[in-house]
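In: What shape does this take:
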Amino acid sequence: MGKQKTRKFAAMKRMINLKDNRIKEKDRAKPKEKKKKDPSALKEREVTKYPSCLFFQYNTQLGPPYHVIVDTNFINFSIKAKLDMVQSMMDCLYAKCIPCITDCVMAEIEKLGMKYRVALRIAKDPRFERLPCTHKGTYADDCLVQRVTQHKCYILATVDRDLKRRVRKIPGVPIMYISNHRYNIERMPDDYGAPRF
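Out: Presented below is the predicted three-dimensional model:
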């Protein structure tokens, strides 16, 4: 029996270097000229812009009445804990609260179907302010993070760990969450709201 031919996978033809002397001079790649750095020239650095409403980590745009952006699971967990959303928010912050709900969150609740119809009824409450979305798709987390980054006047209400982790990286955005059957707030200036536990 003769030798079996084995196929070589991912075998490439060897290419000649474009700077090789065997290539005609007109087709040959020209060597890059190295520019000497001028030590007396000013160095340009790009510094990230921070909004003028922030005084270090302190957000000066926050103040009553508070606008609280609500996430899907926050509504569901509030129903499980038997908490009235607007009243519990007021108990937490000792001030008037306006719960806001984006089109994405609304679409997310509608997609959940009949099992979460109570959440949908709560979300359609006239006390809730509707925020229209202009972007494509209905992924709520990205929408909420983008909105909170652009406008620093919101408090984000969520129970989602990943979303909390993302929002903690943005300075000046307080996070409202549920713990021991009541609402709590994190990263809020101490002069506002109820004492933290």
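In: what separates the residue most central in space within the chain from Ala41, distance-wise?
Out: The structure's the chain has its C-alpha centroid closest to Val145; by CA atoms, centre = their mean the separation is 2.7 Å. Shown here: Val145 relative to Ala41, a distance of 39 Å by CB to CB, to the nearest Å. No exception for glycine: its C-beta is placed from N, CA and C like everyone else's.
In: can you tell me the helix or strand for Ile185?
Out: Per DSSP states H and E, Ile185 falls inside strand 182-186.
In: what comes up buried for that strand?
Out: The neighbour-count criterion (16 or more other CB atoms under 10 Å) identifies 183-185 as the buried residues of strand 182-186.
In: for stretch 27-45, same thing?
Out: Buried residues in stretch 27-45, defined by neighbour count with 16+ other CB under 10 Å: none.
In: ok, back up a step: paired strands for the strand holding Ile185, with orientation please.
Out: Sheet pairing of strand 182-186 (DSSP bridges) gives strand 175-179 (antiparallel).
In: what's downstream of the longest helix along the chain, the next helix or strand?
Out: Counting residues, the longest helix in the chain under DSSP state H turns out to be helix 140-150. Beyond helix 140-150 on the C-terminal side, the first helix or strand identified by DSSP H and E is strand 154-157.
In: who does that following strand touch, helix- and strand-wise?
Out: Based on contacts counted as 3 or more CB pairs under 8 Å, 6 or more residues apart in numbering; DSSP states H and E, the elements that strand 154-157 packs against are strand 66-70, helix 140-150, strand 175-179.
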